[in-house]
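Asker: Next come a sequence and a model predicted from it.
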Amino acid sequence: RPVAAYSEWIGRRRLTGEDDARTREEVLGKFRDPGSDVKTIFMSSVGDAAIDLPDASVIIQISSNFGSRQKEAQRLGRILRPKPGSNATYNAFFYTLVSRDTQEMYYSTKRQRYLVDQGYAFKVVTKLEDDKGRDVFTLNKGAGKYGGTEVEKD
C-alpha cells in the first residue's frame, strides 16, 4: 500500500479507504486541532471528496491519477479555500512530484496546460535544496513506486 509505506517511512498519520469512520474522524480531528501534534496527513484518494481541511496550506501530490485534471482541480481548490480568521492575502502551495522519463511526465504536462488555461501559474523545479544546500531529492533514496497525497498545515 503506497500511502501506508510513505506514512510509515516518514512517521506521519494516514487515511485510506480501509480506515473506519471513527479512525478518520479521530485523525481529522487531531489535524484540525491547533494544539495537536498531528500536522501532516498522508491520504489516498479518500481525501479527494467530502473532507474539509480548512487549515491545510500545502498539498504534495505524489500520485496524480494519470492525468485526471478534475481530481487535480479539486485538490487545488481544496488548498485555496479561505483560511479561518485570515483577512490577509494568503498563499497556499500545491506541489506535484513527477519522475523524469516516465509516462507520468506526459500526463503532468496535460494537467499543467489545463491549469494555465484556468489562470493558474506553475513553476517546474528540478532541484530543491535544504538549508545546508543539499539536493533533497537525492538525500533519501529508496522510496519506491508509491503514491498518495500529503497535506500539511502551519
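Answerer: Perfect, thanks for sending it. Residues are numbered from 1 along each chain as shown.
Asker: Pretty sure residue 108 sits against residue 98.
Answerer: Yes: taking contacts as CB atoms under 8 Å, residue 108 lies within contact range of residue 98: 4.6 Å. Placement of C-beta: from N, CA and C, glycine included.
Asker: Compare the two (neighbour count), which wins?
Answerer: residue 108 (22 against 18; other CB atoms under 10 Å).
Asker: looking at this, that one is in a strand?
Answerer: No: assessed with DSSP: H, G, I helix; E, B strand; the rest coil, residue 108 is helix; it does not lie in a strand.
Asker: in this structure, which spans are helices?
Answerer: 2-10, 21-32, 69-80, 103-117, 136-139 (DSSP state H).
Asker: Would you mind giving these as JSON lines with mean pLDDT and distance to residue 54 added?
Answerer: Shown next, in JSON lines, are those (pLDDT from 0 to 100; distance: least, CB to CB, whole Å):
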{"stretch": "helix 2-10", "mean pLDDT": "82", "distance to residue 54": "22"}
{"stretch": "helix 21-32", "mean pLDDT": "91", "distance to residue 54": "8"}
{"stretch": "helix 69-80", "mean pLDDT": "80", "distance to residue 54": "10"}
{"stretch": "helix 103-117", "mean pLDDT": "84", "distance to residue 54": "22"}
{"stretch": "helix 136-139", "mean pLDDT": "58", "distance to residue 54": "28"}
